[in-house]
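Q: Please find the sequence and the predicted model below.
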There are 2 protein chains.
Amino acid sequence: MPRYKLILEYDGSAFVGWQRQMNGPSVQAAVEEAISRFAGHPVTVIGAGRTDAGVHAAGQVAHVDLNRPWSMATIRGATNFHLKPAAVAVLAVAEAGSTFHARFSASARVYCYRILNRAAPPVLDRGRVWWLPKPLDTDVMAAAARLLVGRHDFSAFRAALCQARSPVKTLDALAVIRVGDEIWLEARARSFLHNQVRIIAGTLREVGEGRVVPERVATALASGRRDLAGPTAPAAGLCLMEVRYPRPDGEPASVEPAGDRADDQAHDDIEDDDADRHEA
Amino acid sequence: MPRYKLILEYDGSAFVGWQRQMNGPSVQAAVEEAISRFAGHPVTVIGAGRTDAGVHAAGQVAHVDLNRPWSMATIRGATNFHLKPAAVAVLAVAEAGSTFHARFSASARVYCYRILNRAAPPVLDRGRVWWLPKPLDTDVMAAAARLLVGRHDFSAFRAALCQARSPVKTLDALAVIRVGDEIWLEARARSFLHNQVRIIAGTLREVGEGRVVPERVATALASGRRDLAGPTAPAAGLCLMEVRYPRPDGEPASVEPAGDRADDQAHDDIEDDDADRHEA
């Protein structure tokens, strides 16, 4: 059973989310269906990030086991052929070792939350950005963002229905970048809690509009109270940009040398394995 | 009758083109309708670039005369309110002198043609790019592009139905830029012939795929024969990015000091005035 790593792009507005569900089309089901059509047998596709309904991906990673070897160009071409006209495509395919796991081997996930900060509503980027016409101060947003970076109990930035065993996560980076009329929030972590990035976006918006001071974010974080953080920002602004793996052969991250960080990752592995159903 | 300059963004796939037509919704008609609703009288909106069906704009410029002064924020907000849910928005409004003319005062128009050059079809940028899966050599495309820059008879790069009086245009710049999986063709000129940028894109594609040598572009240009240039690239890849004006107060470009360049512009003014109905 050769294993393949896939890189996927999709428009989340067409799906109920990554994960197979009863209530509508999922990205996972669309990709599984397309692959099984050319492979000739049922397949299971495991994704690195279980994105919610409306959340996009420019670099989702998944893995799949096939009954026999295929060329990587064939897997990509045949899957994309059968995916049409679904709003998802396989960008790249690579052979992966049998121990590679798209979800558990990942050492980092990079999400970008796009805010369109101008008076006029979005047209060309409709459905891809959160439109906030009131001018935002990116300096205070960046100051608030710095307070969130690091290993924290993110209970205040976690959806009520989040099933992660532990609210403790390590946010490795959170950049606030102005790009023309847009503000990009780029968040990187090994894994995220459900709605974590969207609650961070909703909170930084309140800081940027001057409604709360940056220090209030530290207060919310320390309190662990969801009601002290901002509201959850809309799904449309969020995009899974990239998933990183510690080793080219895709050995699980948990085989890294012991230490605080490795402990954290090993813990996350268990947590992901048992309970996490969504993230970001 | 105060005159206002508008900067517009639109998704061309929703329209039959900029110009008011009998056969479907035009950007011009949508904007005129929205403005007249709040202004309370019929208006005529004149655009700088008469983009074709399917061609997008991130920075189209237009002007409109209103019966009485309004604040610029009101014009923008009220027009955008009445434009919903049309795929067009007013990004900015400025007061313009009575001699400002969006079309005739323009000193430069900047178009970007986006090619998605990867094996997988577009998903997030569907309808915004021309998908060409075969790898393109941007070095030879850039070499061919350089042969087109300058003042030339562009008859070979002109739609059969182009109504411009003269096929002589000055292409001020034509850059070939690789941006990740994309290739951007950035073209700048005072004005363009109908389909000029799209025929240039279709021609450079053949060069980039190695089907013709760059010098063949010079041969086509010199011949003036449409059949020696490449096919017209799809509208979806084209976007009007920016329109420039020589003076902040918007005096017509033709009042610039005399000389070759000014002569050219004065000529273009007449040509535009009489005949050009489309461009790029």
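A: Great, that's in hand.
Q: C-alpha only now, for contacts and for neighbours.
A: OK.
Q: Chain A: strands as residue ranges?
A: With DSSP state E, the ranges of strands along chain A come out as A:3-10, A:45-47, A:56-65, A:88-96, A:108-116, A:130-131, A:150-153, A:168-179, A:182-189, A:238-244.
Q: And the fourth one, what does it pack against?
A: Packed against strand A:88-96 by the contact rule (3 or more C-alpha pairs under 8 Å, 6 or more residues apart in numbering or on different chains; DSSP states H and E) you find strand A:3-10, helix A:72-83.
Q: need the strands of chain A in TSV with mean pLDDT and mean neighbour count, can you?
A: TSV is the format used below for the strands of chain A (pLDDT from 0 to 100; neighbours: other C-alpha atoms under 10 Å in any protein chain shown):
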stretch	mean pLDDT	mean neighbour count
strand A:3-10	98	24
strand A:45-47	98	22
strand A:56-65	98	24
strand A:88-96	97	22
strand A:108-116	98	25
strand A:130-131	98	23
strand A:150-153	98	15
strand A:168-179	98	18
strand A:182-189	98	22
strand A:238-244	98	24
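Q: Determine which of those strands approaches B:A229 most closely.
A: B:A229 lies closest, by C-alpha to C-alpha, to one member of these: strand A:88-96, at 31.9 Å.
Q: Just the CA trace of the closest one, in PDB.
A: What follows is strand A:88-96 as a C-alpha-only set of coordinates in PDB (Å, rounded to 0.1, in the frame of the first residue of the first chain):
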ATOM      1  CA  VAL A  88     -10.700  21.800  -5.000                       C
ATOM      2  CA  ALA A  89      -7.600  20.800  -6.800                       C
ATOM      3  CA  VAL A  90      -4.500  18.700  -6.100                       C
ATOM      4  CA  LEU A  91      -1.400  21.000  -6.500                       C
ATOM      5  CA  ALA A  92       1.300  18.500  -5.900                       C
ATOM      6  CA  VAL A  93       1.800  14.800  -5.100                       C
ATOM      7  CA  ALA A  94       4.900  13.200  -3.400                       C
ATOM      8  CA  GLU A  95       5.700   9.700  -2.300                       C
ATOM      9  CA  ALA A  96       5.600   9.400   1.400                       C
END
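Q: Low-confidence ranges, the stretch 1-150 of chain A, go.
A: By pLDDT under 70, the stretch 1-150 of chain A has no low-scoring segment.
Q: Spell out which residues of it are next to chain B.
A: Applying C-alpha under 8 Å from any C-alpha of the partner chain, we find that the stretch 1-150 of chain A lies next to chain B at A:9-11, A:58, A:76-77, A:80, A:87-92, A:119-124.
Q: Kindly recompute the last result at 6 Å.
A: Where the stretch 1-150 of chain A comes near chain B, counting by C-alpha under 6 Å from any C-alpha of the partner chain, the residues are A:11, A:87, A:91, A:120, A:123-124.
Q: Name the member of those residues with the most neighbours.
A: Scoring the residues of the stretch 1-150 of chain A next to chain B on neighbours with other C-alpha atoms under 10 Å in any protein chain shown, the highest-scoring entry is A:D11 at 26 neighbours.
Q: That residue: what's it in contact with?
A: A:56, A:87, B:124 (C-alpha atoms under 6 Å, 6 or more residues apart in numbering or on different chains).
Q: Skipping its backbone neighbours, what lies nearest it in space?
A: Residue nearest to A:D11 in three dimensions, not counting chain neighbours: A:H56, with 5.0 Å by C-alpha to C-alpha, 6 or more residues apart in numbering or on different chains.
Q: The one you found is in contact with A:S13, isn't it?
A: No - if you go by C-alpha atoms under 6 Å, A:H56 and A:S13 don't touch, sitting 7.4 Å apart.
Q: picking that back up, out of the contacts of A:D11, flag the one nearest to A:R103.
A: If you rank these by distance to A:R103 using C-alpha to C-alpha, A:H56 comes first, at 17.4 Å.
Q: what are the bridge partners for that closest one, then?
A: For A:H56, the beta-bridge partners are A:C239 (DSSP bridges).
Q: same question, the one 5 residues further on
A: Per DSSP bridges, the residues bridged to A:V61 are A:I7.
Q: Distance of it relative to A:A48?
A: From A:V61 over to A:A48 the distance is 5 Å, taken as C-alpha to C-alpha, to the nearest Å.
Q: For A:A159, give me its contacts.
A: By C-alpha under 6 Å, 6+ apart, A:A159 lies in contact with A:194-195.
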